[in-house]
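Novice: Need a 3D model of the following:
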Amino acid sequence: MDKKIPVISIVGIHNSGKTTFIERIIKILSEKGYKVGTIKHDPKGKAKTDTPGKDSYRMFNAGARQVVLASPKKITSYIRDDDYDPSDIIEKYMVSDLDIIIIEGFKGYRNTDKFEVIRKEEDRDLVISEKEGLKGVITDYYPYPLKFDVNRPEDFAEYIEKHYIKAEKHL
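Specialist: Numbering: from 1, shown residues only. So this is what the prediction gives:
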């Protein structure tokens with residue numbers, strides 16, 4: 001990758017609202033003209049990414065190391081790789097013209113600032129610490145020096161824009 005793309009992580013427990021919050025951030029930033037990339041962690045491999053019986057599914061399951069499915073409005077790539085971390089994914093697979101990459105999950109990944117989603121109904125403590133890269137929380141109650149209201153994603157989007165996306169980016 002030629003340019004250094006800023007990367008942040010949104011972490012939290014299962015069903016804490018990470019994906020919904022990220023989806024709202026992507027929409028806000030995209031509407032402002034920014035190019036947002038995401039990496040979604042699926043540690044248990046449960047996400048459906050291809051349809052059984054379809055050609056790309058059959059090719060991958062026959063043993064192909066990579067299958068690229070090219071459609072008029074999107075390109076999907078299935079890659080057989082069992083030894084990776086987010087740095088590998090960013091270096092090998094992310095397009096280079098992105099303004100920001102948002103990682104969902106990968107709590108143990110150390111090379112990024114992390115923001116934890118924690119909601120009142122979860123009634124729990126944080127799952128990561130400052131030592132592990134915690135920069136702030138996205139919450140509806142939790143006290144933390146840097147916190148964002150989970151119901152006001154526009155505030156977090158503004159923070160990302162100001163602190164992570166290059167200021168010289170012209171819209």
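Novice: rest of the way, CA atoms for contacts and neighbours
Specialist: OK.
Novice: Buried residues, the top helix by length along the chain. List them.
Specialist: If you go by DSSP state H, the chain has its longest helix at helix 18-31. By neighbour count on 16 or more other Cα atoms under 10 Å, the buried set for helix 18-31 is 18, 19, 21, 22, 24, 25, 26, 27, 28, 29.
Novice: Stretch 137-147 now?
Specialist: 137, 138, 139, 140, 142, 147.
Novice: do the same with stretch 51-64
Specialist: Those would be 56, 57, 60, for stretch 51-64 by 16+ other Cα under 10 Å.
Novice: ok, now stretch 35-45?
Specialist: 36, 37, 38, 39, 41.
Novice: Now intersect the residues you listed with the strands, please.
Specialist: 36, 37, 38, 39 (DSSP state E).
Novice: The most centrally placed residue in the chain: which element?
Specialist: Against the mean C-alpha coordinate of the chain, by Cα atoms, centre = their mean, the closest residue is residue 103 at 2.4 Å. Taking DSSP states H and E as the criterion, residue 103 maps to strand 100-104.
Novice: With adjacent residues omitted, what lies nearest to residue 87?
Specialist: residue 111 (8.0 Å; Cα to Cα, 6 or more residues apart in numbering).
Novice: returning to what we had before: kindly provide the distance from the residue nearest to the centre of the chain to residue 22.
Specialist: The spacing between residue 103 and residue 22, counted by Cα to Cα, to the nearest Å, is 9 Å.
Novice: what residues do those two have in common as contacts?
Specialist: Listed as contacting both residue 103 and residue 22 by Cα atoms under 8 Å, 6 or more residues apart in numbering are residue 10.
Novice: what number of residues lie near residue 97?
Specialist: 14 (other Cα atoms under 10 Å).
Novice: Backbone dihedrals for the closest residue in space to it that isn't next to it in sequence, please?
Specialist: In this structure, residue 97 finds its nearest non-sequential neighbour in residue 35, 7.3 Å apart by Cα to Cα, 6+ apart. The phi and psi torsions at residue 35 (degrees, to the nearest 10) take the values phi -100, psi 110.
Novice: what does residue 54 give?
Specialist: Torsion angles, degrees, to the nearest 10, at residue 54: phi -70, psi 160.
Novice: Okay, angle between the longest helix of the chain and strand 100-104 too, please.
Specialist: Counting by axes from the mean of the first three to the mean of the last three Cα atoms, to 10 degrees, helix 18-31 lies at 170 degrees to strand 100-104.
Novice: quick one: helix 18-31 to chain centroid distance?
Specialist: In terms of Cα atoms, centre = their mean, to the nearest Å, the gap separating the centre of helix 18-31 from the centre of its chain is 10 Å.
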